[in-house]
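A.B. asks: Okay, structure incoming, though there's no sequence with it:
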Ligand SMILES: [Zn+2]
């Protein structure tokens with residue numbers, strides 16, 4: 001019998017707020033252990049949480065970006081359990097009245113067709129402290145770092161609409177892009193600012209039943225999520241074939257071995273309404289104000305880039321993949337360079353160069369003005385693409401403008417017919433056999449001759465003019 005997979009995701013996203021969720025401590029979990037703490041986030045008895053407006057604003061922006069219905073009234077519950085990273089015995093979360101319900105994301109399925117994936121709800125939640133396991137001499141010890149305790153999270157819970165590892169991975173990529181666009185979260189799985197659990201079950205193809213699901217945790221990259229789901233589908237199909245029942249339980253992904261293993265069940269207590277944090281009331285007017293803060297979202301930007309700049313869909317998608325990149329692209333174009341050349345050079349030359357020179361895009365010294373200057377010289381045939389690549393590398397090493405670099409290093413392209421003819425004559429006299437081949441009908445020899453001439457010009461000749469003159473001379 002054929003099976004199909006039914007997959008839902010639960011994603012925790014850390015909001016990039018200045019402070020924690022219920023106190024004024026800095027929201028910087030990576031600082032030296034236990035430096036960003038106070039009685040409230042140490043959860044000392046008697047401390048009273050004060051809900052931060054910034055958390056509500058960022059969480060709301062995220063919900064709007066995901067097309068959710070933000071609820072007029074939401075509230076916090078105490079999710080009761082005890083663990084050393086949660087000494088107060090409960091986590092403030094929204095169980096009964098989440099911030100937002102519904103919502104959706106569009107992805108492309110394996111066949112390149114659009115597919116709509118629904119969200120169930122989005123709720124806010126405080127993060128717990130972090131356990132650090134070390135050894136003191138030969139004794140294993142566990143330490144608790146409270147920097148993370150009380151930092152603001154949203155949890156995004158999807159409907160079980162995904163059918164394959166591809167769906168889940170595409171969902172996470174689109175989710176990440178959209179949330180990053182709002183500026184409310186970094187969404188880095190390897191930094192732990194986005195964490196994903198997957199619920200997976202199988203059912204006979206064509207049925208619409210929901211069978212017992214298995215939860216998989218501990219995936220540190222989008223690729224891991226795909227691999228873990230693929231493994232889990234295979235494992236469950238095997239069990240069903242052997243008539244072994246699927247039990248509701250949690251498994252951990254082991255990326256080294258490429259398998260999931262069953263983990264000990266965690267006690268989950270009840271969720272009871274929290275008496276200390278007041279209910280959150282959201283007015284339509286406030287929601288409209290939040291909606292006006294949303295930037296142009298990526299799918300709209302892609303269509304606009306196609307329409308306004310004549311980019312191909314793939315180019316537009318690439319230039320819109322990060323908000324910062326899309327703004328850079330538009331800034332370069334505003335300086336006058338032509339959009340398709342700019343898109344092509346950003347994708348194939350600039351981005352790799354930024355990486356190679358050890359920069360992040362945000363810290364790259366190649367500003368829009370400098371990059372535009374470079375592309376403009378290329379388009380005016382003042383330099384050829386070889387030289388443009390060299391100039392680009394120099395932009396990382398000096399603060400000079402591309403024009404100054406071109407003059408200083410003699411990159412200016414030689415298009416002067418007289419000078420090029422001299423070079424062509426020399427190449428012809430030194431490569432008689434290639435010339436013979438060309439004249440005997442091997443048209444490919446022209447490429448070799450152009451190459452020789454480029455070499456002779458130390459890379460500065462205008463290759464198009466060079467080829468024209470070569471053809472004339474050999475005609
Ligand atoms: Zn605090």
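C.D. replies: Good, I have the coordinates. It should be emphasised that the depicted structure is a prediction, and the values quoted were computed from it without experimental measurement.
A.B. asks: longest single helix anywhere in this protein?
C.D. replies: helix 222-241 (DSSP state H).
A.B. asks: From the ion, how far off is residue 44?
C.D. replies: 10 Å (C-beta to the ion, to the nearest Å). Glycine gets a C-beta too; all of them are placed from N, C-alpha and C.
A.B. asks: just to confirm, which helix or strand has that residue in it?
C.D. replies: For residue 44, there is no host helix or strand (DSSP states H and E).
A.B. asks: How far off centre is the helix or strand containing residue 424?
C.D. replies: Taking DSSP H and E as the criterion, residue 424 maps to helix 417-430. Helix 417-430 sits 51 Å away from the centroid of its parent chain (C-alpha atoms, centre = their mean, to the nearest Å).
A.B. asks: Any regions of the stretch 201-350 of the chain where pLDDT drops low?
C.D. replies: The stretch 201-350 of the chain contains residues with pLDDT under 70 at 266.
A.B. asks: Which parts of it are helices?
C.D. replies: 222-241, 284-293, 298-309, 313-319, 323-334, 339-345 (DSSP state H, counting those that start in this stretch).
A.B. asks: list the helices and strands the first one packs on?
C.D. replies: Based on contacts counted as 3 or more C-beta pairs under 8 Å, 6 or more residues apart in numbering; DSSP states H and E, the elements that helix 222-241 packs against are strand 3-14, helix 165-182, strand 194-204, strand 214-219, strand 249-254, strand 259-262.
A.B. asks: Can you tell me which of these is nearest to residue 300?
C.D. replies: Nearest to residue 300 among the helices and strands packed on helix 222-241 is helix 165-182 (10.4 Å), distances taken as C-beta to C-beta.
A.B. asks: so for that closest one, what's the average pLDDT?
C.D. replies: If you average the pLDDT over helix 165-182, you get 97.
A.B. asks: any idea of the angle that helix forms with helix 298-309?
C.D. replies: Calculated by axes from the mean of the first three to the mean of the last three C-alpha atoms, to 10 degrees, helix 165-182 forms an angle of 70 degrees with helix 298-309.
A.B. asks: so can I have TSV of the helices of the stretch 201-350 of the chain showing mean neighbour count and distance to residue 428?
C.D. replies: Output for these, formatted as TSV (neighbours: other C-beta atoms under 10 Å; distance: least, C-beta to C-beta, whole Å):
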stretch	mean neighbour count	distance to residue 428
helix 222-241	18	54
helix 284-293	12	66
helix 298-309	17	43
helix 313-319	19	40
helix 323-334	19	41
helix 339-345	19	33
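A.B. asks: Out of the ones you listed, the one nearest the ion is which?
C.D. replies: With C-beta to the ion as the criterion, the ion lies closest to helix 284-293 of the helices of the stretch 201-350 of the chain, at 25.8 Å.
A.B. asks: Kindly calculate the angle that that closest one makes with helix 165-182.
C.D. replies: 100 degrees.
A.B. asks: neighbouring contacts of helix 284-293?
C.D. replies: 57, 60, 61, 64, 70 (C-beta atoms under 8 Å, 6 or more residues apart in numbering).
A.B. asks: what do you get for stretch 466-475?
C.D. replies: If you take C-beta under 8 Å, 6+ apart as the criterion, stretch 466-475 is touched by 417, 420-421, 423-425, 427-428, 435, 438-439, 446, 449-450, 453-454, 457.
A.B. asks: likewise stretch 389-404?
C.D. replies: Applying C-beta under 8 Å, 6+ apart, the contact partners of stretch 389-404 are 349-350, 353, 357, 359, 364-366, 370-371, 373-374, 377, 383, 405-406, 408-409, 411.
A.B. asks: quick one on the thing from earlier: among the contacts of helix 284-293, which one sits closest to the ion?
C.D. replies: Each of the contacts of helix 284-293 was checked against the ion using C-beta to the ion; the closest is residue 57, at 19.3 Å.
A.B. asks: residue contacts, that closest one?
C.D. replies: Residues in contact with residue 57 (C-beta under 8 Å, 6+ apart) are residue 290.
A.B. asks: Residue 193 - how many residues pack around it?
C.D. replies: 18 (other C-beta atoms under 10 Å).
A.B. asks: just the one 3 residues further on next, same as before
C.D. replies: Other residues within reach of residue 196, judged by other C-beta under 10 Å, total 25.
A.B. asks: who's it bridged to?
C.D. replies: Counting by DSSP bridges, residue 196 forms beta bridges with residue 11, residue 219.
A.B. asks: thought it was touching residue 8?
C.D. replies: No - with contact defined as C-beta atoms under 8 Å, residue 196 and residue 8 do not form a contacting pair (11.0 Å).
A.B. asks: so how far is residue 353 from residue 176?
C.D. replies: The gap separating residue 176 from residue 353 is 24 Å, by C-beta to C-beta, to the nearest Å.
A.B. asks: Count the residues that sit near whichever residue of the stretch 101-250 of the chain sits closest to the ion.
C.D. replies: Scanning the stretch 101-250 of the chain for proximity to the ion using C-beta to the ion identifies residue 150 as nearest, at 6.0 Å. For residue 150, the neighbour count with other C-beta under 10 Å is 28.
A.B. asks: I'd say it and residue 19 touch.
C.D. replies: No - with contacts counted by C-beta under 8 Å, residue 150 stays clear of residue 19, the gap being 9.4 Å.
A.B. asks: Contacts only, for residue 152.
C.D. replies: Counting by C-beta under 8 Å, 6+ apart, residue 152 touches 14-15, 17, 20-21, 27, 52, 55, 58-59, 124, 126-127.
A.B. asks: Over to it: give its phi and psi.
C.D. replies: As for residue 152, its main-chain torsions (degrees, to the nearest 10) stand at phi -80, psi 130.
A.B. asks: Residue 176 and residue 353: which is more packed in?
C.D. replies: Higher neighbour count among residue 176 and residue 353: residue 176, with 21 against 18, using other C-beta under 10 Å.
A.B. asks: and that one, what does it touch?
C.D. replies: Contacts for residue 176 (C-beta under 8 Å, 6+ apart) come out as 187, 194, 222.
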